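J.: Structure, please.
(one chain, ligands or ions: 1)
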Amino acid sequence: MKFVSTRGKSPAVSASQAILNGIAPDGGLYVPEEFPALSKDDLETLQTMTYAERAAYIISLYLTDYSYKDLEVYTKKAYSLFDGEDAAHIKLIEDDLYLMNLWHGPTQAFKDAALTLLPFLLTGARKITDAPGKTLILVATSGDTGKAALEGFKNVDGTEIIVFYPADGVSDMQKLQMQTTTGDNVHVIGINGNFDDAQTAVKLFFKDADAAAKCAEQGYYLSSANSINFGRLVPQIVYYISAYLDIVAGDEGVDGEEINFVVPTGNFGNVLAGYYAKKMGLPINKLIVASNSNSVLTDFFALGRYDTNRPFIKTISPSMDILISSNLERLLFEYNERNGGKTADLMSRLDVQGLYNVDIDDFIDKLPEFAAFSTDEDETKQTIESFFDMTGELIDPHTAVAVSAFYNYCESASDKNKTVVVSTASPYKFPQDVLTALTGKGGKDAFDAVKKLHSYTDEPVPKPIAALKTLPVLHTAVIDKTKTKEAIFEILANRSNRA
Ligand SMILES: *Cc1c(COP(=O)(O)O)cnc(C)c1O
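T.: Below you'll find the predicted structure:
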């Protein structure tokens with residue numbers, strides 16, 4: 001399997017090279033040149049497998065230059081880091097509504113489903129391609145990718161990782177999780193800007209040939225741990241297929257019944273992985289894109305107009321505070337029937353004017369599986385409260401946005417298919433806002449809120465969150481958003497001096 005760029009101007013590369021590069025040289029994103037088909041036989045084979053085995057099987061259909069044996073070792077190691085037997089827990093909540101809990105990994109967010117595995121895929125890629133030097137991993141985070149990437153890559157040989165996060169745009173717990181990360185090769189830097197600023201800075205660095213050359217002089221080759229890297233997406237396809245097997249296939253076997261997924265969405269990576277599962281042949285009816293008050297995607301799916309010329313709103317679901325959803329580019333590539341030139345044209349409009357348009361009727365014709373809803377702050381809080389009252393399930397604000405989208409969808413459509421809401425983070429990552437939603441009042445600080453939330457709900461506190469209280473804060477740097485390039489070179493210079 002080869003990987004091509006969504007902008008059509010870079011040569012096709014192997015899977016390992018796509019993962020090492022992170023982003024294509026023309027600024028586009030790597031996509032598989034075709035979608036491997038998932039047959040009924042495949043589904044039946046997968047049915048009896050563990051989650052790690054399912055992951056190796058599905059990922060091997062894309063990463064054809066990795067050995068199957070290696071993939072089995074990687075997935076087994078990665079998914080043993082999750083509490084319980086599965087990285088994706090399915091729970092029936094009420095008639096035909098399921099929650100898929102993806103946050104029982106090391107950092108309490110669904111990002112672990114991919115970022116526990118990516119270090120193995122990257123180290124494997126270095127071996128397969130006989131890569132020189134070291135890999136420098138640049139990360140922009142809206143809160144959860146940062147910690148998951150830091151945990152995944154800390155002390156991994158041959159890698160150095162730098163994470164940029166919005167200094168005032170993540171929850172206290174998210175910030176503490178990042179700032180307390182140990183490891184010889186990790187760097188965590190706040191910027192006085194939002195996630196889009198961080199992501200744009202990282203993408204610009206990737207496009208900057210001089211910067212790349214300067215890194216190479218010092219023996220560093222760039223890669224990304226953001227969902228622009230195909231190595232982040234491919235593990236996410238797995239849990240859609242696994243959910244289907246657990247819910248529908250069950251005892252009666254695969255019968256082709258279609259199901260829906262509701263996905264709380266920011267950078268469009270998670271829901272895109274669901275779309276890829278559908279392209280492989282998984283019987284999915286609707287993919288419901290749930291946004292918070294930053295409703296740029298909801299508007300796009302309704303009007304065909306993607307317009308970032310609007311205020312950036314800070315919400316209680318900060319990991320979805322995003323106006324430039326990078327992975328939408330991969331969907332546009334499919335919409336444009338894989339025409340790189342057309343896709344590049346839309347992306348350059350986005351760069352220059354901050355907006356682009358597609359013909360909405362044509363778009364809906366070609367991609368009828370998508371629906372989209374947005375939820376404001378009040379409704380998010382109300383959903384946390386009412387869902388807890390009704391079902392006893394404590395959900396975090398991101399998941400609440402998805403639950404709310406589900407109920408909005410039910411009102412707008414009569415759809416009898418089973419539906420899975422993707423639950424993306426532990427409520428204890430956002431204790432103040434969740435406590436306030438339930439009781440009308442926050443705690444004195446984040447840890448006080450954790451304590452009160454626990455006594456109010458009885459929901460167990462994840463050990464790594466409780467442990468944060470006494471861990472030393474190691475990374476406190478905050479820089480101007482225009483100074484990221486200098487910061488990167490300063491880190492590399494210090495590394496070289498020490499070596
Ligand atoms: C990252 C994140 C999202 C959004 O996922 P995308 O792949 O960026 O769309 C939703 N919820 C949580 C908790 C997250 O960390």
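
J.: Around the ligand, which positions in the stretch 301-450 of the chain sit nearby?
T.: 319-320, 398, 424-425 (Cβ under 6 Å from any ligand atom). In this view, the C-beta of every residue, glycine as well, is placed from N, C-alpha and C.

J.: which among these end up buried?
T.: 319-320, 398, 424-425 (16 or more other Cβ atoms under 10 Å).

J.: For those, give me JSON lines that also has pLDDT and secondary structure.
T.: Output for those, formatted as JSON lines (pLDDT from 0 to 100; DSSP: H, G, I helix; E, B strand; the rest coil):
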{"residue": "Ser319", "pLDDT": "95", "secondary structure": "helix"}
{"residue": "Met320", "pLDDT": "97", "secondary structure": "helix"}
{"residue": "His398", "pLDDT": "98", "secondary structure": "helix"}
{"residue": "Thr424", "pLDDT": "98", "secondary structure": "coil"}
{"residue": "Ala425", "pLDDT": "98", "secondary structure": "strand"}
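
J.: With distance to Asn260 as added columns, please give those residues in a markdown table.
T.: Output for those, formatted as a markdown table (distance: Cβ to Cβ, whole Å):
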| residue | distance to Asn260 |
| --- | --- |
| Ser319 | 22 |
| Met320 | 20 |
| His398 | 18 |
| Thr424 | 17 |
| Ala425 | 21 |
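
J.: And the furthest pair within those residues?
T.: Met320 and Ala425 (10.5 Å; Cβ to Cβ).

J.: what do those two both touch?
T.: His398 (Cβ atoms under 8 Å, 6 or more residues apart in numbering).

J.: how many neighbours does the closest residue to the ligand within the stretch 101-250 of the chain have?
T.: Closest contact between the stretch 101-250 of the chain and the ligand, by Cβ to the nearest ligand atom, is at Asp144 (3.2 Å). By other Cβ atoms under 10 Å, the residues close to Asp144 number 28.

J.: For the nearest residue to it once chain neighbours are set aside, what are phi and psi?
T.: Nearest residue to Asp144, sequence neighbours excluded (Cβ to Cβ, 6 or more residues apart in numbering): Ala109, at 3.8 Å. When quoted as degrees, to the nearest 10, the phi and psi of Ala109 stand at phi -140, psi 160.

J.: hey, where'd the strands end up in the stretch 201-350 of the chain?
T.: Using DSSP state E, counting those that start in this stretch, the strands of the stretch 201-350 of the chain run over 220-224, 259-264, 284-291, 305-307.

J.: Can I get the third one in PDB? Just the C-alpha atoms.
T.: Taking Å, rounded to 0.1, in the frame of the first residue of the first chain, the C-alpha atoms of strand 284-291 are listed here in PDB:
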ATOM      1  CA  ILE A 284     -22.200   2.500   9.300                       C
ATOM      2  CA  ASN A 285     -25.400   4.500   8.700                       C
ATOM      3  CA  LYS A 286     -24.600   7.900  10.200                       C
ATOM      4  CA  LEU A 287     -21.500   9.600  11.500                       C
ATOM      5  CA  ILE A 288     -22.700  12.500  13.600                       C
ATOM      6  CA  VAL A 289     -20.200  15.300  14.000                       C
ATOM      7  CA  ALA A 290     -20.700  17.000  17.400                       C
ATOM      8  CA  SER A 291     -19.200  20.400  18.000                       C
END
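
J.: Report the inter-axis angle for it versus strand 259-264.
T.: For strand 284-291 against strand 259-264, the angle by axes from the mean of the first three to the mean of the last three Cα atoms, to 10 degrees is 10 degrees.

J.: Does Ile162 fall in a helix, a strand, or a coil region?
T.: Ile162 falls in the strand class when you classify it by DSSP: H, G, I helix; E, B strand; the rest coil.

J.: ok, it - how many residues close by?
T.: 21.

J.: beta partners of it?
T.: With DSSP bridges as the criterion, Ile162 is bridged to Leu138, His187.

J.: how far is stretch 408-417 from where the chain is centred?
T.: Relative to the centre of its chain, stretch 408-417 is centred 26 Å away, using Cα atoms, centre = their mean, to the nearest Å.

J.: Put the alpha carbons of it into CSV.
T.: Taking C-alpha atoms only, stretch 408-417 is exported to CSV below (Å, rounded to 0.1, in the frame of the first residue of the first chain):
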residue,chain,number,x,y,z
ASN,A,408,-30.8,16.6,18.8
TYR,A,409,-30.3,14.0,16.0
CYS,A,410,-33.1,11.9,17.4
GLU,A,411,-35.4,14.9,17.3
SER,A,412,-34.6,15.6,13.7
ALA,A,413,-34.6,12.1,12.3
SER,A,414,-36.6,8.9,12.9
ASP,A,415,-33.7,6.5,12.9
LYS,A,416,-34.0,3.1,14.5
ASN,A,417,-30.4,2.1,14.2
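
J.: what's in contact with it?
T.: Counting by Cβ under 8 Å, 6+ apart, 96, 257-260, 262, 285-286, 288, 371, 373, 375 sit against stretch 408-417.

J.: which of the residues you listed sit farthest apart?
T.: Glu257 and Thr375 (28.2 Å).

J.: Which one of the two is surrounded by more residues?
T.: A direct count of neighbours by other Cβ under 10 Å for Glu257 and Thr375 places Thr375 higher, at 28 against 14.

J.: so who does the more buried one touch?
T.: 290-293, 383, 400-401, 404-405, 408.

J.: Cross those against helices and list the overlap.
T.: Among the contacts of Thr375, the members falling in helices (DSSP state H) are 383, 400-401, 404-405, 408.

J.: low-scoring stretches of the stretch 151-300 of the chain, by residue?
T.: 250-254 (pLDDT under 70).
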